[in-house]
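In: turn this into a model:
(2 chains)
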There are 2 protein chains.
Amino acid sequence: MSNPTASNPTAAILIIGNEILSGRTQDVNVQFIARRLAGIGVRLEEVRVVPDIPARIINAVNELRAAYEMLFTTGGIGPTHDDITSECIAAAFGVPWELHEETAALMRSVLGDQVNEARLRMATMPRGAVPIRNAASIAPGFTIGNVHVMAGVPRIMQSMLLALEPELPRGTPIAMRAVHGMGVLEGAIAAGLGAIQARFPGVDMGSYPFKRDTGWGVALVAKGTDPAALDAAIAEATALIAAQGITPVPGEPD
Amino acid sequence: MSNPTASNPTAAILIIGNEILSGRTQDVNVQFIARRLAGIGVRLEEVRVVPDIPARIINAVNELRAAYEMLFTTGGIGPTHDDITSECIAAAFGVPWELHEETAALMRSVLGDQVNEARLRMATMPRGAVPIRNAASIAPGFTIGNVHVMAGVPRIMQSMLLALEPELPRGTPIAMRAVHGMGVLEGAIAAGLGAIQARFPGVDMGSYPFKRDTGWGVALVAKGTDPAALDAAIAEATALIAAQGITPVPGEPD
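Out: Residues are numbered from 1 along each chain as shown, chains lettered A, B, ... in the order given. Got it, this is the predicted structure:
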């Protein structure tokens, strides 16, 4: 299938997270970042999750920052012994990891006596990093080169991403349209859907079965940068569902 | 930090999913697989999400199946044009992609006249693949070499993984213990927590801030294979929270 957003900037996400790999924590950061990036026309091309092991983090950072125009990392920038992302980013860039004086001063002015060695780790960054100040935490994320280093706690990550967003390169926003029907069988509409995809090469058509209390359904989703083409493709997908004797419902299932 | 499960078998997950990268769909498969693997002592070492593009899928399959003892893929094995995982697995292994006669016969016996070209795609597999029969779908996943190919729809994926589980290599199960406290500040306990980690090198200690309506808290989590060491480490973590004048609560936050 053709790619209507081939000229859009590309991005990857690296999740530094033993807690995701152990199954302790359900990640919700990927979906938030993915939606924000789609809204500014950035193509999210890859996500990786690696454990809190320096060599693994460093290798993944260097692979992903070379392969994509932007890399967003989440996790591992707090004050505890298992927060090793910041040092690893410095190692990946081959620069010293040192106190960022302006951030340290800001932390001292807000936290006073509570500033200790552990908290100052959060004011320590790769040389050349630019802090990502945000509303949720006195401890900032930071940007170095094309790598944006953010917290793992969703509320803080979101605040950092929103603070960062105006600075990011943009492309043509990627829009989505959907239609769905209860009782649609993918196997019965697959040929028709393939034909719609063939008629709209600039639209990315997807088919997604879902389960509800009342049974199974299928959502047909059109994604791309040309609103008129999306509307036309979804009109055909709607007719395809109706031709099964099933009532098509606009949009995604609840 | 030492790795108490270094001898456990390793695994990776590859999610083939435009719908994850676009932000349309919240992945829930990683956590399910991660927890099941932890329960049988398999170390989940990496997760990747790649788009529905053959070269990306093939490269990721070949990298991950070489790097880890098991690879689990999710997504892209339905009957529609965007379901390309199965062909890509055949390409990754350099084997023909051909009708699996036994599966085709099974589908014909259940579906009769409804078996069409699209549905027979779900009975087409890399040569040498072994079907993963399951309770949720007449269309099976399959295993080839150390790669286990599963559906993306959570209910079907779960059924496939449970069917597969008795066949998988096992290690020492990885257990977790936790304690948490509302109002705990990571920066205040970081030094103490680092000391606990140092005293229990065979335990993997993590610190995870969380937000509730009543404010912020921190969960301290001990992970490893030695129950006595986990209990001892969590007892120290409990005392560390209590020393802050905060009531420690056993387990994870609700």
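
In: is the closest residue to A:M70 other than its chain neighbours in a helix, a strand, or coil?
Out: Once flanking residues are discounted, A:M70 sits nearest to A:A11: 4.2 Å by C-beta to C-beta, 6 or more residues apart in numbering or on different chains. Every residue, glycine included, has its C-beta placed from N, CA and C. Of the three states, A:A11 takes strand under DSSP: H, G, I helix; E, B strand; the rest coil.

In: host element of A:A188?
Out: Assigned by DSSP states H and E, A:A188 falls within helix A:186-199.

In: smallest gap between the stretch 151-254 of chain A and chain B, at which residue?
Out: With C-beta to the nearest C-beta as the measure, A:A190 is the residue of the stretch 151-254 of chain A nearest to chain B, at 3.2 Å.

In: circling back to that earlier point, what does the helix holding A:A188 contact?
Out: Here helix A:186-199 makes contact (C-beta atoms under 8 Å, 6 or more residues apart in numbering or on different chains) with A:1, A:203, A:205, A:207, A:209, A:218, A:220, A:233, A:236-237, A:240-241, A:243-244, B:78-82, B:114, B:116-119, B:121-122.

In: these two touch, right, A:L111 and A:A123?
Out: No: taking contacts as C-beta atoms under 8 Å, A:L111 lies outside contact range of A:A123: 10.4 Å.

In: which one of the two is surrounded by more residues?
Out: Neighbour count, other C-beta atoms under 10 Å in any protein chain shown: between A:L111 and A:A123, A:A123 has more, with 24 against 15.

In: my guess is the more buried one contacts A:S109, does it?
Out: No: the pair A:A123 / A:S109 is not scored as a contact, 11.8 Å apart, by C-beta under 8 Å.

In: mind listing the helices for the stretch 151-254 of chain A?
Out: A:154-164, A:186-199, A:227-242 (DSSP state H, counting those that start in this stretch).

In: these: which one's closest to A:N59?
Out: Comparing the helices of the stretch 151-254 of chain A by their distance to A:N59 (C-beta to C-beta), the top pick is helix A:154-164, with 22.7 Å.

In: against which helices or strands is that closest one packed?
Out: Using 3 or more C-beta pairs under 8 Å, 6 or more residues apart in numbering or on different chains; DSSP states H and E, the elements in contact with helix A:154-164 are helix A:29-39, strand A:130-132, strand A:141-144, strand A:147-150.

In: out of those, deepest packed?
Out: Most buried of the helices and strands packed on helix A:154-164 by mean neighbour count (mean count of other C-beta atoms under 10 Å in any protein chain shown) is strand A:147-150; its value is a mean of 26.

In: hmm, it touching chain B?
Out: No: under the criterion of C-beta under 8 Å from any C-beta of the partner chain, chain B is not reached by strand A:147-150; the shortest gap measures 14.0 Å.

In: please give me every residue in contact with the residue lying closest to A:V184 once chain neighbours are set aside.
Out: Nearest non-adjacent residue to A:V184, counting by C-beta to C-beta, 6+ apart: A:V218, 4.0 Å away. Neighbour list for A:V218: A:180-181, A:184-186, A:189, A:207-210 [criterion: C-beta under 8 Å, 6+ apart].

In: among those residues, name the ones in strands.
Out: If you go by DSSP state E, these have A:180-181, A:207-210 in strands.

In: list the contacts for the residue nearest to A:M70?
Out: A:37, A:42-45, A:68-72.

In: which of those residues ranks first by neighbour count?
Out: A:F72 (31 neighbours).

In: tell me what it is bridged to.
Out: A:I13, A:H148 (DSSP bridges).

In: that one and chain B: what is the separation?
Out: 13 Å (C-beta to the nearest C-beta, to the nearest Å).

In: list the contacts of that residue.
Out: A:11-14, A:33, A:147-148, A:150, A:161.

In: do the same with A:T124
Out: A:86, A:97-100.

In: phi and psi next, for it.
Out: Note on A:T124: its backbone torsions stand at phi -110, psi 130 [degrees, to the nearest 10].

In: and what of the one 3 residues further on?
Out: According to degrees, to the nearest 10, the main-chain angles of A:R127 amount to phi -60, psi 130.

In: if I look at it, how far off is A:G145?
Out: To A:G145, A:R127 is 12 Å away according to C-beta to C-beta, to the nearest Å.

In: neighbour count winner among those two?
Out: Between A:R127 and A:G145, counted using other C-beta under 10 Å, the more crowded position is A:G145 (15 against 12).

In: check the gap between the more buried one and A:R65 for me.
Out: Following C-beta to C-beta, the distance that separates A:G145 from A:R65 is 7 Å.

In: try A:V218
Out: With C-beta to C-beta as the criterion, A:V218 and A:R65 are 38 Å apart.

In: cool, and A:A237?
Out: 38 Å.

In: go on, A:G23?
Out: 28 Å.

In: swap in A:A178?
Out: 33 Å.

In: same check on A:R127?
Out: 17 Å.

In: next one: A:D83
Out: 20 Å.

In: with A:I84 instead?
Out: Taken as C-beta to C-beta, the span from A:I84 to A:R65 is 18 Å.

In: circling back to that earlier point, tell me which two in the contacts of A:V218 are the farthest apart.
Out: The widest separation within those (C-beta to C-beta) is 14.5 Å, between A:I189 and A:F210.

In: between the two, tell me which one has more neighbours.
Out: Higher neighbour count among A:I189 and A:F210: A:I189, with 24 against 16, using other C-beta under 10 Å.

In: check which helix or strand the closest residue to A:S159 other than its chain neighbours maps to.
Out: Among residues not flanking A:S159 along the chain, A:A136 sits closest, at 3.6 Å (C-beta to C-beta, 6+ apart). Here A:A136, judged by DSSP H and E, is contained in no helix and no strand.

In: list the buried residues for stretch A:151-169?
Out: By 16 or more other C-beta atoms under 10 Å in any protein chain shown, the buried positions in stretch A:151-169 come out as A:151-154, A:156-161, A:163-164, A:168.

In: can I get the residues you listed in TSV including pLDDT?
Out: Listed next are the buried residues of stretch A:151-169 as TSV, based on pLDDT from 0 to 100:
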residue	pLDDT
A:A151	97
A:G152	96
A:V153	95
A:P154	96
A:I156	96
A:M157	97
A:Q158	98
A:S159	97
A:M160	98
A:L161	98
A:A163	97
A:L164	97
A:L168	98
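
In: identify the farthest-apart pair in those.
Out: A:V153 and A:L168 (21.2 Å).

In: distance check, A:T25 against A:E165.
Out: From A:T25 to A:E165 the distance is 24 Å (C-beta to C-beta).

In: ok, A:V110 next?
Out: A:V110 is 24 Å from A:E165, by C-beta to C-beta.

In: and if you look at A:A233?
Out: 29 Å.

In: before we move on, the earlier item: which pair of the contacts of A:T124 spans the longest distance?
Out: A:S86 and A:L99 (11.5 Å).

In: please identify which of these two sits among more neighbours.
Out: Legend: neighbour count by other C-beta under 10 Å for A:S86 and A:L99, higher for A:S86 (24 against 12).

In: any idea how far the more buried one lies from B:L220?
Out: From A:S86 to B:L220 the distance is 21 Å (C-beta to C-beta).
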